[in-house]
Structure formats: structure tokens, C-alpha cells
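Asks: turn this into a structure:
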Amino acid sequence: MSIDQTSADTPKTNDLGPSGVQLDQIKPAWDAITSWLAGTKAIPHDVDAVLERYGVFQDEENLARFLAALEIVRVWGDLLGSPASLTARIAENPNYITGPEVPEELYAAVVRLTIRVENTAGTVVTTYDSLPTLLDPAHGTAKERADALKQVLRGENRGLTKTIDQLATDSADLRARLTALQKELASSVVTLTTTSPLNEANRTIGALRAEIETLHQQTATPETEKRIRECEAEISKKESLVHALHDVFSTAHKVTPKLIEVCGVLEYLGGVVRSAKTTINMVCGLSSDEQLSTADWVKKALGNASMRTQWQELQDKARAFVQHAQVTP
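Replies: Here you go, the predicted structure:
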């Protein structure tokens, strides 16, 4: 089946525009997550260290559950990675994100994928620009030129659809990893919130302040003065915990949405590349040799100049993201 060359109903480019892939949302989202994780790491993760820094707690079982959740968050944080950890990894191994293996750290995997986005978008632009030369009538008959185009667009070895397929697969795999971690992290955040020693710390502060007020109303003795100092020291420890937990819980509700935001970018990217492949297959499968051997017709079928512009914009976005992905000195 072929498409009538004079018809206005030529195959349309995808509705999911490549320029709509918001790669510039990823690093700010990751920075917010990294900042929150840094706050959780500022709190000791073992009981003895907590007791030394923040004083005693009556509900030891609840404290143990809180610290266990905090440790899980730290493990997830290490797996997420960050611009700082990526910079350190690349310093140790310059090929960390350009080698054949997908990095275990998810931020590094995102940067690796974005490099592939840049390369794929560049290939699309180059292919589009090469159409006039590829389909020049001097380069053979209509069938020969059409066959050459099909080889470039969806050849078994180096066809554009093969490159697009790999990008779609990589994007889907990474999104699946991020989604799984997002769910685990969300569960840990809930556990942190429900087992937080914050309420006990505030109750202790209130009780100790009341005790100090009572002691001040009594005749001063070495014993009362000593007890006041003990209460003040314990209040200082508990206030330190309250401050640390405030920093953690004031932004905890943003962590899951930020990861969902990154997953959304990857989902949109997957839609773009799948739609691009559909368009290419439709153009190649439903068009005559005469149509496929005409550069202007093929350009229109693939989306005209707007398609090239959008893939160029995606390439530029990907390049900008990669350039700013690490921590600069």
C-alpha cells in the first residue's frame, strides 16, 4: 500500500514533540533530593552516637525503628547518587559513564542516558540534513534511492530505528529502576515520619523547662544548681535534634514528587522516541518508491522543518544538561 503523492494526507510526525522533553528539570529535582539526603546523613545512624549527641530517650524501641529507617534512606541515597558522587567517580574512572556498562548509581545512569539522547538527536538531525544528497536523482533510480533511504532509516544494522529502539529501551529500564526506588524511598519517608523521636524531644524540652522554673523558685543549693545545669544541657541536646529533624521533615514531602518528576521526563522521552519510530515505519511501509525517492516529500512526511528544529532543540538540551551534570570546582 502506498500513499498518494498529491494527497495532503502524508504521514504526520509524532504529537510528542522532542523539544518537550524537559531535561532541564532533572538536575534541580536531583539537587533537591540530594539536599534532603544530606540532612538525613547529618543525624547519627547508630543508637550510641544518637544518645551521646541528643541525650536519652524513653521509647527506645521507637528510636530503634527510626534509626533503621534512617539507615535504609542512606542506602537508597547512595544508590541514587549525586553530581558530587558522579564527579568523584569520573575522577577515578574517566570512562565511568561512557563505557558499555550502565552505572549502578542512578544519577550517573541518567547522565549516561542523556549522552545517548544527545547522540541520537544529533543522528536524527544529520539524517534529515542528508536527505537532499541521499535522494539526489543522480544517485540512481527511484527504487535504488528509496532502498537507500529505507536502509538509512530502518536498516538491520545501522538504521535510525535501531538507534531509537536502544534509546527507548534504555529510557524504559532506567525509569523502571527509578520508579522502584521511588516507592521504597517513599515507604522509608513514611516510616521516618511515624517513628520520629521529635515528639518525645519536644515533650522532654517542655518538661525540663518546667522543672527549671520550679527549681528557680526554690532556695538555691549546690544540688539545685547542678540539676538546673543538667536540665539545660539536656534541653540543648534535644533542641539540636529538633533543629536537625525540622530540616529533614520540612522538605521530606518533596522527595517523592521530585523523583516522580524525573520519571515523568523519562516517560515523555520514551513516548517521543517510540512515536518517532512509528512515524519512520509508517513512512517507509506505506509509501511508494517514487515518494521515498523525493527529498521534499520525505521531509514533509517526517515532519518537515519543525521536526528537525525540535530534535535540534533536544540535542542542545541534552548537551547543556551533560555539561552541567557534575560539580564544578
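Asks: contacts only, for the residue positioned nearest the centre of the chain.
Replies: The centroid of the chain falls nearest to residue 262 when counting by CA atoms, centre = their mean (4.1 Å). Neighbouring residues of residue 262 by CB atoms under 8 Å, 6 or more residues apart in numbering: 25-26, 29-30, 110, 178. Just so you know, the C-beta spots here come from the backbone N, C-alpha and C atoms, and that holds for glycine as well.
Asks: burial count for residue 305?
Replies: For residue 305, the tally of surrounding residues (other CB atoms under 10 Å) stands at 10.
Asks: distance of it from residue 311?
Replies: Applying CB to CB, to the nearest Å, the value for residue 305 to residue 311 is 11 Å.
Asks: what's the answer for residue 223, then?
Replies: Counting by CB to CB - residue 223 and residue 311 are separated by 79 Å.
Asks: which of the two has more neighbours?
Replies: Remark: of residue 223 and residue 311, residue 311 carries more neighbours, 25 against 10, as counted by other CB under 10 Å.
Asks: am I right that the more buried one is in contact with residue 126?
Replies: No - look at residue 311 against residue 126 with CB atoms under 8 Å: they stay out of range, at 9.8 Å.
Asks: still on that earlier bit, ok, of the contacts of residue 262, which one's closest to residue 145?
Replies: Of all the contacts of residue 262, residue 145 sits closest to residue 110, with 39.7 Å by CB to CB.
Asks: figure out the helix or strand that the closest one lives in.
Replies: When elements are assigned from DSSP states H and E, residue 110 belongs to helix 106-134.
Asks: from the chain's centre, how far out does that helix sit?
Replies: Helix 106-134 sits 19 Å away from the centroid of its parent chain (CA atoms, centre = their mean, to the nearest Å).
Asks: in that helix, what's buried?
Replies: 106-115, 117-118, 120-125, 127-128, 131, 134 (16 or more other CB atoms under 10 Å).
Asks: over to stretch 286-294?
Replies: 287-289, 291-294.
Asks: can I get those residues in JSON lines including secondary structure, pLDDT and distance to residue 143?
Replies: Formatted as JSON lines, these follow (DSSP: H, G, I helix; E, B strand; the rest coil; pLDDT from 0 to 100; distance: CB to CB, whole Å):
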{"residue": "287", "secondary structure": "coil", "pLDDT": "94", "distance to residue 143": "12"}
{"residue": "288", "secondary structure": "coil", "pLDDT": "95", "distance to residue 143": "10"}
{"residue": "289", "secondary structure": "helix", "pLDDT": "95", "distance to residue 143": "5"}
{"residue": "291", "secondary structure": "helix", "pLDDT": "96", "distance to residue 143": "12"}
{"residue": "292", "secondary structure": "helix", "pLDDT": "95", "distance to residue 143": "9"}
{"residue": "293", "secondary structure": "coil", "pLDDT": "95", "distance to residue 143": "7"}
{"residue": "294", "secondary structure": "coil", "pLDDT": "95", "distance to residue 143": "13"}
